[in-house]
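Asker: next comes the sequence, and after it the predicted model I'd like to discuss.
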Amino acid sequence: MDSVVVLGQIARDLVLTLDELPEPGSGAPVTSRRELLGGKGANQAVALAQLGAEVALVGAVGTDDVGEDLLRQATADGIDVSAVVRRGADSALIVDVLEPGNQWRYLEYVPRETLVAEEDVLAAEKLIADAGTVLVQLQQPAAACLAAARLARAAGVRVVLDGAPPTTGTHGAELVEEAHVIRADAREAEQLTGARLDDADSACAAAREVLRRGPELVVLEVSGKGNVFVTNENELFVPLEDTPVVDTTGAGDALIAALVVGLHRGAPLPEIAAAAVTAAGRTTGHPGGRPSLG
Ligand SMILES: Nc1ncnc2c1ncn2[C@@H]1O[C@H](COP(=O)(O)OP(=O)(O)O)[C@@H](O)[C@H]1O
Ligand SMILES: [Mg+2]
């Protein structure tokens with residue numbers, strides 16, 4: 001299978017589960033604690049590796065011990081980290097505070113040095129040009145995302161975007177033009193389409209409008225209901241899996257990873273969509289965003 005390059009965040013994830021958040025001035029017991037390789041880029045890369053893809057990360061960690069550990073963990077997960085740069089003192093830290101009923105709150109310490117810079121992308125030019133797909137997380141600086149999308153497009157590499165493009169300036173529109181695939185959760189989809197997507201019909205209509213801007217496949221979440229997968233030939237709505245939901249963190253990352261693997265295999269869209277939603281459902285039953293698809 002052709003390789004996948006993921007551009008995105010690498011962080012230490014600390015996942016704390018508790019029954020109820022304490023009031024200010026008081027404390028509460030933490031019922032479970034998981035400390036993991038995390039950040040959306042790493043989660044997507046882990047999911048891809050678990051699904052059998054050859055995968056490399058473009059990202060940044062600090063020069064601290066945590067950065068060392070994150071690189072070690074990613075390598076142990078089978079991820080090529082040769083294009084991960086180390087700079088700044090501290091690595092990013094995401095604390096996922098989870099109450100029962102998928103009530104998550106993220107506390108995000110993300111130093112600027114741990115964001116992907118345009119120069120990091122240019123340094124990874126060969127890796128990108130040799131890949132089958134470049135998967136770009138739009139939470140990263142727009143200039144870096146656009147540089148990756150342009151390099152990939154020019155080299156005939158599939159460009160997959162996850163998230164919402166910026167709504168100010170011209171980078172957002174250019175990113176959508178460069179993309180073959182764009183996928184957004186419900187909140188991001190609102191930003192991307194300017195519409196509220198309450199049901200499959202409104203999501204399909206909004207996706208058709210995005211298709212006219214350049215992409216060949218648009219995947220949008222309908223909050224609490226499912227996801228639509230729309231191409232010029234096909235429109236599918238796949239409902240959520242009927243599975244216990246503890247924490248939806250990382251479910252979108254698993255979804256996009258499975259979708260990329262399906263595209264690499266040249267599978268038909270209904271099969272790709274079903275596998276993507278199954279992968280998402282398999283990531284909601286445990287605290288934290290690390291997928292478990294192996
Ligand atoms: N029970 C479920 N079965 C299948 N997919 C689910 C389920 N619950 C949530 N999802 C999907 O998980 C995805 C979560 O996306 P997102 O908010 O981008 O997560 P993250 O960015 O944390 O990975 C959505 O597409 C949503 O439809
Ligand atoms: Mg997401």
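Answerer: That came through, no problem. Ligands and ions are numbered 1, 2, ... in the order given.

Asker: so for residue 1, what's the pLDDT?
Answerer: On pLDDT, residue 1 comes in at 61.

Asker: now residue 25, what's its secondary structure?
Answerer: coil (DSSP: H, G, I helix; E, B strand; the rest coil).

Asker: please name the residues that touch residue 128.
Answerer: If a contact means CB atoms under 8 Å, 6 or more residues apart in numbering, then residue 128 has 5, 58, 121, 134, 148, 151, 152, 155, 157 as its contacts. Every C-beta, even on glycine, is put in place using the N, C-alpha and C of the backbone.

Asker: got the phi and psi for residue 250?
Answerer: Reported as degrees, to the nearest 10, the phi and psi values for residue 250 are phi 90, psi -10.

Asker: check the secondary structure at the closest residue to it other than its chain neighbours for me.
Answerer: Distances taken as CB to CB, 6 or more residues apart in numbering place residue 289 nearest to residue 250, at 2.7 Å, with adjacent residues excluded. Assigned state for residue 289: coil (three-state reduction, three-state DSSP).

Asker: hmm, residue 289 is touching residue 98, no?
Answerer: No - counting by CB atoms under 8 Å, residue 289 stays clear of residue 98, with 10.9 Å between them.

Asker: between those two, tell me which one has more neighbours.
Answerer: Higher neighbour count among residue 289 and residue 98: residue 289, with 30 against 24, using other CB atoms under 10 Å.

Asker: roughly how far does the residue nearest to residue 250 sit from residue 193?
Answerer: Distance of residue 289 to residue 193, given as CB to CB, to the nearest Å: 25 Å.

Asker: give me phi/psi at the closest residue to residue 87 other than its chain neighbours?
Answerer: Spatially, and ignoring its direct neighbours in sequence, residue 87 is nearest to residue 113 (4.8 Å; CB to CB, 6+ apart). The phi and psi values for residue 113, taken as degrees, to the nearest 10, are phi -60, psi -20.

Asker: same question for the one 3 residues further on.
Answerer: Backbone torsions of residue 116, given as degrees, to the nearest 10, read phi -80, psi 130.

Asker: now do the one 5 residues further on
Answerer: Here the main-chain torsion angles of residue 121 (degrees, to the nearest 10) amount to phi -70, psi -40.

Asker: in this structure it contacts residue 149, no?
Answerer: No - Residue 121 is beyond contact range of residue 149, at 9.4 Å (criterion: CB under 8 Å).

Asker: my guess is residue 264 contacts residue 2, does it?
Answerer: Yes - applying CB under 8 Å, one finds residue 264 in contact with residue 2, separated by 5.9 Å.

Asker: who's more crowded, those two?
Answerer: A count of neighbours by other CB under 10 Å puts residue 264 above the other of residue 264 and residue 2, at 20 against 12.

Asker: now do the contacts for the more buried one.
Answerer: 1, 2, 4, 53, 132, 133.

Asker: farthest-separated two in the residues you listed?
Answerer: Farthest apart among the contacts of residue 264 by CB to CB are 1 and 133. That separation is 9.9 Å.

Asker: compare neighbour counts for the two and give me the winner.
Answerer: residue 133 (26 against 13).

Asker: neighbours of the nearest residue to that one once chain neighbours are set aside, how many?
Answerer: Once flanking residues are discounted, residue 133 sits nearest to residue 158: 4.3 Å by CB to CB, 6+ apart. By other CB under 10 Å, the residues close to residue 158 number 21.

Asker: what does residue 35 give?
Answerer: A count of neighbours around residue 35, defined by other CB under 10 Å, yields 13.

Asker: quick check: phi and psi at it.
Answerer: Torsion angles, degrees, to the nearest 10, at residue 35: phi -120, psi 120.

Asker: okay, and the beta partners of it?
Answerer: When bridges are called by DSSP bridges, residue 35 pairs up with residue 14.
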